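Novice: Have a look; sequence and predicted model below, questions after that.
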Amino acid sequence: MVTSTQTEMKQSAESDPVVKLKVNDVGIHYGSTTAISGITLDVREHEIFGIIGPANAGKTSFLKTLNRMNDFSPEMRVEGDITFDGINIRDVRNVYALRNLIGVVFPLPVGLPLTVYENVAFVPRLRGITDKAELDVIVERCLTRSALWDEVKDRLNSLGSLLSGGQQQRLTIARALSQEPKLLMLDEFSIAVDPVTTMRIEDVLKELKQEMSIILVTNLVQQARRLADRTAFFLDGQCVEIGETDALFSGQVIDQRTTDYIEGRFG
């Protein structure tokens, strides 16, 4: 016989969100300078997690720790624990495999000096895929998912650097998707992109969250409001507050500084 308590426990377990990334008391230091400290948060499966805050709040430094980009910076010291799918990222020996699982798109498009096709096929080739037909499918799928296929399908053999700024940013997203990430991080993706292209990419992100988790770092608070399920507010290297996006933007905040930033009183 199943009791009502057992039923409630089962329903609760089924409704609890799956945590993909867990960050516990993380601090980042560059020599004697502290970039962030005491950051504790989680990113759930199939959500867009927004991070807002003014310049020098520590947002980009935080992203760099999540797929161990700090390995490239000897002066960058990281404290605390970061687990992805239950595994401490510091225990991962193959850091390149980790970066395949946690992709990143930076503010300015950084294309490889290759054709449009080879920009997207580059990572699959590194994984050992050499069959042209299989690569064709991957390239078309990733370019389609990044809302770029219809614009470049007739010039796949042209240099990616010849595309417009907005197209190059979407090419960067397509290349990140070719890694088949479980977590996609975007750092101010719309800085160099026109408003129309920005809205197209936003539509893409809404669809992609059905397949993966997304961290969206943005200085555009209204972009976070449009896209993020939950939003964290960073200020002076601290995570001031995390909440459901609708609640934060409707004034249900803990710290007045959150409201002040959202309403443009500083930043």
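Specialist: Looks like it came in fine.

Novice: What separation is there between Leu177 and Arg141?
Specialist: Remark: distance between Leu177 and Arg141 (C-beta to C-beta, to the nearest Å) = 8 Å. Placement of C-beta: from N, CA and C, glycine included.

Novice: neighbour-wise, which of the two wins?
Specialist: Leu177 (25 against 15; other C-beta atoms under 10 Å).

Novice: tell me the contacts of the more buried one?
Specialist: 103, 142, 145-146, 184, 208 (C-beta atoms under 8 Å, 6 or more residues apart in numbering).

Novice: what about 10 Å?
Specialist: 103, 105, 120, 123, 138, 141-146, 184, 204, 208, 211-212 (C-beta atoms under 10 Å, 6 or more residues apart in numbering).

Novice: Please apply the same query to Val217.
Specialist: 49-53, 57, 59-60, 62-63, 107, 185-189, 224, 232, 234.

Novice: So which of the residues you listed belong to helices?
Specialist: 59-60, 62-63, 224 (DSSP state H).

Novice: Spell out for me the ChimeraX command that would select the buried members of the residues you listed.
Specialist: ChimeraX command restricting the ones in helices among the contacts of Val217 to the buried ones, with burial defined by 16 or more other C-beta atoms under 10 Å:
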select :59,60,62,63,224
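
Novice: Could you give the number of residues near Leu235?
Specialist: With other C-beta under 10 Å as criterion, Leu235 counts 21.

Novice: and the gap between it and Ser32?
Specialist: For Leu235, the distance to Ser32 - C-beta to C-beta - is 21 Å.

Novice: right, and the helix or strand after the helix or strand bottoming out on mean pLDDT in the chain?
Specialist: Counting by mean pLDDT, DSSP states H and E, the chain has its least confident helix or strand at helix 4-15, which shows a mean of 47. Going down the chain from helix 4-15, the next helix or strand is strand 19-30, by DSSP states H and E.

Novice: mind listing what's buried in that following strand?
Specialist: 20-23, 26-29.

Novice: Just put these in a markdown table and tack on pLDDT and distance to Ala97.
Specialist: Converted to a markdown table, these look like this (pLDDT from 0 to 100; distance: C-beta to C-beta, whole Å):
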| residue | pLDDT | distance to Ala97 |
| --- | --- | --- |
| Lys20 | 95 | 16 |
| Leu21 | 96 | 16 |
| Lys22 | 97 | 19 |
| Val23 | 97 | 20 |
| Val26 | 96 | 22 |
| Gly27 | 95 | 26 |
| Ile28 | 93 | 23 |
| His29 | 92 | 27 |
